[in-house]
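[1] What follows is a predicted structure for the sequence shown.
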Number of protein chains: 2
Amino acid sequence: MRIAVLGGDGFIGWPTALHLSARGHEVVIVDSLVRRQIDGELDVQSLTPITSPKERRDAWKEVTGAWIELVRLDLATEYEQLKWFLEEWRPDALVHLAEQRAAPYSMKTARHKRYTVDNNTGATHNLLCALVELGLDAHLVHIGTMGVYGYSSVGAPIPEGYLPVSIALPDGEHAEQQILYPANPGSIYHMTKCLDQILFAYYAKNDRLRITDLHQGIVWGTNTPETLRDERLVNRFDYDGDYGTVLNRLLMQAAIGYPLTVHGTGGQTRAFIHIRDSVRCVELALMNPPARGDRVKIFNQMTETHRVRDLAELVAQMTGAEIAHVTNPRNEAAENELVVKNDQFLALGLEPTTLSEGLLAEILEVSKRWAHRVDPRHIPCDSAWTKEIARELEREQRPNLKVVGGAD
Amino acid sequence: MRIAVLGGDGFIGWPTALHLSARGHEVVIVDSLVRRQIDGELDVQSLTPITSPKERRDAWKEVTGAWIELVRLDLATEYEQLKWFLEEWRPDALVHLAEQRAAPYSMKTARHKRYTVDNNTGATHNLLCALVELGLDAHLVHIGTMGVYGYSSVGAPIPEGYLPVSIALPDGEHAEQQILYPANPGSIYHMTKCLDQILFAYYAKNDRLRITDLHQGIVWGTNTPETLRDERLVNRFDYDGDYGTVLNRLLMQAAIGYPLTVHGTGGQTRAFIHIRDSVRCVELALMNPPARGDRVKIFNQMTETHRVRDLAELVAQMTGAEIAHVTNPRNEAAENELVVKNDQFLALGLEPTTLSEGLLAEILEVSKRWAHRVDPRHIPCDSAWTKEIARELEREQRPNLKVVGGAD
């Protein structure tokens, strides 16, 4: 299968591209490389020393003999070039990761909010529009987020995209329907994935595009079997307050002797998936496309749920690190339950990689090895969801920096 | 109250601005004037000879003594200027009509699809973002569309925005919830109003913005008491296949001896509102804002429903015109029922202007008076929802042009 991985230089995109290449698919990466520019904007770098796009692809060629082409292209702003790419390559499938993917980054300032909306909506809509304009029947697999559901559960497990509801009719009867689960995004970033859902539903209905939306949990881990094959293939590991994900951040903090920062009570329950499973799920979705005319196929791409404070305690027990409860920069419920269905991937043969000391230790090792690359100033999340919260953070986060010391 | 009418030079915007000015509010129009440019793009003009933005505002000043300022500004692309405007004027309320509002126009080509999404989403998001950035607590009243609900009724009357549903819980109990009515847009244009809903819900939740969304039916009529006060105040009357609305188009066709074009069987049931009621509803909504922290307040801004073929038959009876069933350019159900709730505006005192021979005759008169301004080539709707439909239209619409004669 010829597969284009849009955003294929990123945290999930790169190991996805390698996994699909290793499985014998012809892979082409499309990426604007803006994520590397954002490292510059934020003055931060991946904990792991990722190599240049050329060097990592050369290394893959050396190791496997397979060449992964890179087309540098901004989906949101270069529509004509996007069409050129699609016509020239005519991919059988597209994995769409070409979106700004950090909630805190999306909340930093008005500029970041607008960039996230313009970029994500623009990229997704341009892609859909181009597929229709060209009459290209490629299967589009999009990486969404569990965050579209929100975390205020109705008390029933979160289904895979579609919620069965009963609607009262005037005659006293009830109509049973399956509706797209009501959107309840918790940030501008999450909101864009809800906008994507509307775009997908429309294009699947009107133009019969074949679309799969993967509502992914929080990804943890950094290595996959493919990225481990050569040092130069190393995957991105974001530890900073904007792009770092919670479990990876806790392990990194433990590795460098920084207190484990828990937002609020840590009572937030979240869905998780290891990056190895993430890339496998993408391939399973690619192998099982919806038919033309079907509604959007939605999977919950997660394997387990955990409460943040439980994770912090687990890491603290493993490492002896201290836990520091800090002001939550997010505007969200302090505590929530979360039960999620993921039957579809299990039925397709996914064997979940769940939390284990071994895998946690591996991340600790990676963190210790590259600890000298951490700039502690970037560890706190200083992107506040509202102005009120920003003022609280302003008062609070200075002492945290002093705990770490040195960096100011 | 100081009210900014965004898109205040348009079909609804202009009479809204006049109505609010007549009611004693201080009104400022914000408009990019792009709608007048689109007339040029489509090589068509309003049936009524609308005057320049300056001339119509001068006329209003002459007639009433009230001055309506115009700020030329593109909300979607001029964020800094938008902020300047908001800071300089600090309006108490904003009526947001600054969106591309024609479904057929939104479906013409990829360029039109992309323009509609970029413009509408960009304008709405910039506005929300600027209000938060500036900390401005202005009430935002947005003109949405009944089309967000779609026309495949569940069998229950369409509620005002929020649908009560019952969700089965694992223990055999049920949770009762009110959810945003599931989006089911029928065109790219309608889809953008569904995207707006997600933006509104998010900003109302996270930033406590006060937002009202008016899901409007198809507007008919052209004059309001205010536009009738001077010839130079005349409102826009779109008769073309892109921007014209169904009832006005049928009356225009009868006036010039063109067959009444009915798409498909004409079995589509739609919601309608007269433009006089439209502007009154906007004022009622302005006078009854939600509180800070409330969810988005949603009204159904319509007064009655009609089946398209019934309207065509009514006009045919009045005028002796013939009815021509033509291929439906839209990808939609041939027949649908529609029952809509509009209790909120009725409770606020709206006295519906319903279909009457008198008001229909008035539109006929306007059409006859300006019949020489009609270019019959622009009457058919040649904007097809899919490529398959485009091919059908290609085969069919030529004969229609011959019936009219002259223009080719």
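    Structure received.
[2] pLDDT at residue A:151, what is it?
    Looking at residue A:151, its pLDDT reads 79.
[3] Assumed it was part of a strand.
    No: judged by DSSP: H, G, I helix; E, B strand; the rest coil, residue A:151 forms no part of a strand; its state is coil.
[4] Show the contacting residues for it.
    A:184, A:186, A:268, A:269, A:270, A:332, A:333, A:336, A:338 (CB atoms under 8 Å, 6 or more residues apart in numbering or on different chains). Glycine gets a C-beta too; all of them are placed from N, C-alpha and C.
[5] just residue A:105 next, same as before
    Residue A:105 makes contact with A:38, A:42, A:112, A:116, A:189, A:242, A:243, A:383, according to CB under 8 Å, 6+ apart.
[6] any idea which element it lies in?
    Using DSSP states H and E, residue A:105 falls within helix A:103-106.
[7] Is it possible to mark the buried ones in the contacts of residue A:151?
    Among the contacts of residue A:151, those classed as buried by 16 or more other CB atoms under 10 Å in any protein chain shown are A:184, A:186, A:268, A:269, A:270, A:332, A:338.
[8] In this structure the last one contacts residue A:267, no?
    Read that as residue A:338. No: applying CB atoms under 8 Å, one finds residue A:338 not in contact with residue A:267, separated by 11.0 Å.
[9] if we can go back for a sec, can you flag which of the buried ones among the contacts of residue A:151 belong to strands?
    Using DSSP state E, the subset of the buried ones among the contacts of residue A:151 located in strands is A:269, A:270.
[10] can you put the buried ones among the contacts of residue A:151 in CSV and add pLDDT and distance to residue A:147?
    Shown next, in CSV, are these (pLDDT from 0 to 100; distance: CB to CB, whole Å):
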residue, pLDDT, distance to residue A:147
A:184, 95, 9
A:186, 97, 6
A:268, 96, 12
A:269, 96, 13
A:270, 96, 9
A:332, 94, 10
A:338, 93, 11
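[11] Flag every buried residue along the longest helix along chain A.
    For chain A, the helix with the greatest residue count under DSSP state H is helix A:110-134. Within helix A:110-134, the residues that count as buried by 16+ other CB under 10 Å are A:110, A:112-133.
[12] Which secondary structure elements does that helix sit against?
    Other helices and strands packing on helix A:110-134, by 3 or more CB pairs under 8 Å, 6 or more residues apart in numbering or on different chains; DSSP states H and E, are helix A:79-89, strand A:93-96, helix A:103-106, strand A:139-145, helix A:188-207, helix B:110-134.
[13] Which of the ones you listed sits closest to residue B:98?
    Closest approach to residue B:98 among the helices and strands packed on helix A:110-134 is made by helix B:110-134 (4.9 Å; CB to CB).
[14] any idea how far chain B is from the nearest residue to residue A:189 once chain neighbours are set aside?
    The spatially closest residue to residue A:189, leaving aside those adjacent along the chain, is residue A:106, at 3.7 Å (CB to CB, 6 or more residues apart in numbering or on different chains). When distance is defined by CB to the nearest CB, to the nearest Å, residue A:106 is 11 Å away from chain B.
[15] for residue A:174, same thing?
    7 Å.
[16] What pLDDT does the model give the nearest residue to that residue once chain neighbours are set aside?
    In space, not counting the residues next to it along the chain, residue A:174 is nearest to residue A:166; the distance is 4.7 Å by CB to CB, 6+ apart. We have a pLDDT of 95 for residue A:166.
[17] Residue A:166: which element?
    Secondary structure from DSSP H and E places residue A:166 in strand A:162-168.
[18] what does that strand rub up against?
    A:174-182, A:295, A:298, B:154-156, B:163-168, B:174, B:179.
[19] Quick one, which of those residues are buried?
    Using 16+ other CB under 10 Å, the buried ones in those are A:174, A:177, A:179-182, A:298, B:154, B:156, B:163, B:165, B:167-168, B:174, B:179.
[20] check contacts around residue A:300.
    Neighbour list for residue A:300: A:146, A:158, A:160, A:161, A:215, A:217, A:271, A:340, A:341, A:342, A:344, A:345 [criterion: CB under 8 Å, 6+ apart].
[21] Checking it next. Helix, strand or coil?
    For residue A:300, the secondary-structure state derived from three-state DSSP is strand.
[22] Beta-bridge partners for it, please?
    When bridges are taken as DSSP bridges, the partners of residue A:300 come out as residue A:215.
[23] Residue nearest the middle of chain A, spatially speaking?
    Most central in chain A under CA atoms, centre = their mean is residue A:101, positioned 6.0 Å from the mean C-alpha point.
[24] Surely that residue is within a strand?
    No: with three-state DSSP as the criterion, residue A:101 is located in coil rather than a strand.
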